[in-house]
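> Predicted model and sequence follow; I will ask about them next.
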Amino acid sequence: MHSRLYEGDRLDGLLRHRGLSELAGDLLPMETFASHAALERRLVERYAESLALLWRFLDSPRDRLFAVLALRLQIENVKVVLRSRLAGRDVATQALPVIPMPEAFRWDDFDPSKLETVQSVLDAIPEPAIRRSACDAYMLFADRPVPLYLEAGLDRGYFALLADAAAELGNQDRRAIQPLLEVETDLHRLMLVLRARVNHGIDPALVARLVAAPPAAWVAAAAEGDSVDGIVRCAPGPLRRHLAEGPAELPDIERRLWQAYYATANRVYRQAFFTVGCPYAFAAVKRMELANLITVVESVRYGLSADETLKHLLRPAA
């Protein structure tokens, strides 16, 4: 499976394309696209379909892990709807860049076209854990309308469900996925603290309420920081090692952390072949492939050179 992904030379080979039609012809030769956004949307759909395919071959409780991974895409759809409502845009729901989900993961009762307010969107979320977490964050948003509150609330619900799904696994499966699960969770915690404190100056106590459960001792110390360097110094050692070059802009920090996640996914994929860790890590690598493919589409859209695009592609950290 891994050899068919767009990585290394195969990914770099896409950079020779300078137009939408030739890039789309390479990626999806049997389909045509009217816009770069349509191609990106289809790439996300195919990623969701790959999760559904893996899910179908898994028994309980392993299947729940992949259902939660698909929930992350639903959460991104909710964020798109919320941004539209917050911006007051008069845009039909069907015109928003919301990704249709495979039938197994679809929220049939969630119809954003009937939901005119932020509160109504949150109240209509079918998954109870995500709805509760998002509504709790909405109380913070009501006092100070920073969209980060809402998005962090949604993400907190996702990570709670992910932790629950992992806890239901057998010992061997749980040990196999733990390194990758920890990197993703701590990556999210660190970037949330950085955005909340550096970009928005949110009170440390409120930051702790937003960060993904289960609680981590380092988060409280990081939330007290008011600079990038001070916050990063509190992060777990494995993440800090990838940020050893010192403080940087937040996008660069996030890129380096995702590269650490990418490397961990590759390692788990190779080492956990007879456990659920193997398909779980493969889904993570597919997620990184998707991020890179969207970067390539965007580079074509905005006319970036191949050399400039290379700087933005994710590579597994050494």
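All right, it came through fine.
> who are the neighbours in contact with Lys79?
With contact taken as Cβ atoms under 8 Å, 6 or more residues apart in numbering, Lys79 is in contact with 150-151, 154. Bear in mind the C-beta positions are built from the backbone N, C-alpha and C, glycine included.
> Also Arg174?
166-167 are the contacts of Arg174 under Cβ under 8 Å, 6+ apart.
> Could you do the one 10 residues further on as well?
Residues counted as contacts of Glu184 (Cβ under 8 Å, 6+ apart) are 261, 284.
> try Pro279
54, 57-58, 66.
> which residues of the stretch 201-318 of the chain fall in helices?
Assigned helices in the stretch 201-318 of the chain, in chain order: 204-210, 217-223, 228-232, 237-241, 250-271, 277-301, 306-310 (criterion: DSSP state H, counting those that start in this stretch).
> taking these together, which one is wrapped up most tightly?
Neighbour counts (mean count of other Cβ atoms under 10 Å) averaged over each of these peak at helix 277-301, with a mean of 21.
> what's the average pLDDT for that helix?
The pLDDT scores in helix 277-301 average 97.
> Off-centre distance for it?
Helix 277-301 sits 11 Å away from the centroid of its parent chain (Cα atoms, centre = their mean, to the nearest Å).
> and the angle from it to helix 250-271?
Relative orientation of helix 277-301 and helix 250-271, computed by axes from the mean of the first three to the mean of the last three Cα atoms, to 10 degrees: 140 degrees.
> which stretches of this protein aren't confidently modelled?
Along the chain, the model assigns pLDDT under 70 to residues 1-3, 89-96, 246-247, 318.
> which residue is nearest the middle of it?
Arg72 (6.7 Å; Cα atoms, centre = their mean).
> surely it meets Gly157?
No: using Cβ atoms under 8 Å, Arg72 is not in contact with Gly157; the gap is 10.4 Å.
> so what sits against both of these two?
Common contact partners of Arg72 and Gly157 (Cβ under 8 Å, 6+ apart): none.
> before we move on, back to that, closest to Ala284 among the contacts of Lys79?
Of all the contacts of Lys79, Leu154 has the smallest distance to Ala284: 20.0 Å, by Cβ to Cβ.
> hang on, that closest one packs against Ala134?
Yes: in this structure, Leu154 is within contact of Ala134 by Cβ under 8 Å, at 5.1 Å.
> which one of these two has more residues nearby?
For Leu154 and Ala134, the more surrounded residue by other Cβ atoms under 10 Å is Ala134, and the numbers stand at 28 against 23.
> quick one: the more buried one and Leu82, what's the gap?
In this view, Ala134 and Leu82 are 9 Å apart by Cβ to Cβ, to the nearest Å.
> likewise Leu162?
Leu162 is 21 Å from Leu82, by Cβ to Cβ.
> what do you get for Pro279?
Pro279 is 31 Å from Leu82, by Cβ to Cβ.
> Helices along the stretch 1-150 of the chain, start to end?
Going by DSSP H, counting those that start in this stretch, the stretch 1-150 of the chain shows helices at 8-13, 20-27, 36-56, 62-87, 118-123, 128-143, 147-167.
> a markdown table for those, including distance to Val183?
As requested, the helices of the stretch 1-150 of the chain are arranged in a markdown table below (distance: least, Cβ to Cβ, whole Å):
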| stretch | distance to Val183 |
| --- | --- |
| helix 8-13 | 21 |
| helix 20-27 | 28 |
| helix 36-56 | 19 |
| helix 62-87 | 15 |
| helix 118-123 | 29 |
| helix 128-143 | 22 |
| helix 147-167 | 12 |
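> Indicate which one of these is closest to Pro112.
Among those, if distance is taken as Cβ to Cβ, the winner is helix 62-87, at 4.5 Å.
> That closest one to helix 147-167, inter-axis angle?
Going by the same axes, to 10 degrees, helix 62-87 makes 170 degrees with helix 147-167.
> what's the nearest residue to the residue nearest to the centre of the chain if we skip its chain neighbours?
Tyr158 (5.6 Å; Cβ to Cβ, 6 or more residues apart in numbering).
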